[in-house]
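# with the input below, show me the fold.
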Amino acid sequence: MQQHWTISGKILSGLRQGAFFTGLEWVRQQCMEKLGFEPWPGTLNVEISDEQAAVINGLVYKKGVDLLSPDENFCSGKVYPVTVAGMPAAIVKPAEEVRTHGKNIIEIIAPQKLKEALEVADGDWLTFSIDMAGIPPPEL
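Have a look, this model is predicted:
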């Protein structure tokens, strides 16, 4: 299996709900503990091709990093470490019942606002890398 995947896609505006999720204290704390960074309050939305979406959606069969809600009435999620321009980041995979985007749109969290840090805007292309070796295998 390939150990590194390079994914490219077009940056676009989202629904402005990522800031709510990344602003939750338990999300911030668990990102710091499990990913090594506290997320900037928001996500970067990237539209990717069908082929690349199949790679990303295939991640659900691998064990990602769980972000577990302390409130059973609030959904938990998984994140998958990626690298964007040498910066640690993560793809957020919300539970399917709360997913607000189509399968070709992914959300990325990072320790800083990516649009500003990378000097990019909606419509620009972004390339990032997924280190599959950094994603633990699923438990059998």
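
# give me the helices and strands touching the longest helix seen in the chain, please.
Longest helix in the chain by number of residues (criterion: DSSP state H): helix 25-35. On a contact count with 3 or more C-beta pairs under 8 Å, 6 or more residues apart in numbering; DSSP states H and E, helix 25-35 meets helix 18-23, strand 65-67, strand 77-84, strand 87-94. Any C-beta I mention is one placed from the backbone N, CA and C, and that applies to glycine too.

# could you identify which of the ones you listed has the lowest mean pLDDT?
Of all these, the minimum mean pLDDT falls on helix 18-23 (a mean of 78).

# where are the low-confidence patches of the chain?
Applying pLDDT under 70 to the chain flags the ranges 1-3, 15-17, 59-61, 95-102, 131-140.

# spatially central residue for it, please.
I91 (1.4 Å; C-alpha atoms, centre = their mean).

# count of residues packed around the residue nearest to that one when sequence neighbours are not counted?
Of all residues not flanking I91 in the chain, Y80 sits nearest, at 4.6 Å (C-beta to C-beta, 6 or more residues apart in numbering). Around Y80 there are 24 other residues, counting by other C-beta atoms under 10 Å.

# wait, Y80 touches I130, no?
Yes - checked against C-beta atoms under 8 Å, the pair Y80 and I130 is within contact range at 6.7 Å.

# thinking again about what came up before, make TSV out of the helices and strands packed on helix 25-35 and add distance to L35.
Shown next, in TSV, are these (distance: least, C-beta to C-beta, whole Å):
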stretch	distance to L35
helix 18-23	12
strand 65-67	7
strand 77-84	6
strand 87-94	6
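
# any idea which of these gets closest to E107?
strand 87-94 (4.6 Å; C-beta to C-beta).

# quick one: the next helix-or-strand element following that closest one to chain centroid distance?
Following strand 87-94 in sequence order, the next helix or strand is strand 105-109 (DSSP states H and E). Mean-position distance between strand 105-109 and its chain equals 5 Å (C-alpha atoms, centre = their mean, to the nearest Å).

# next one: stretch 111-130
13 Å.
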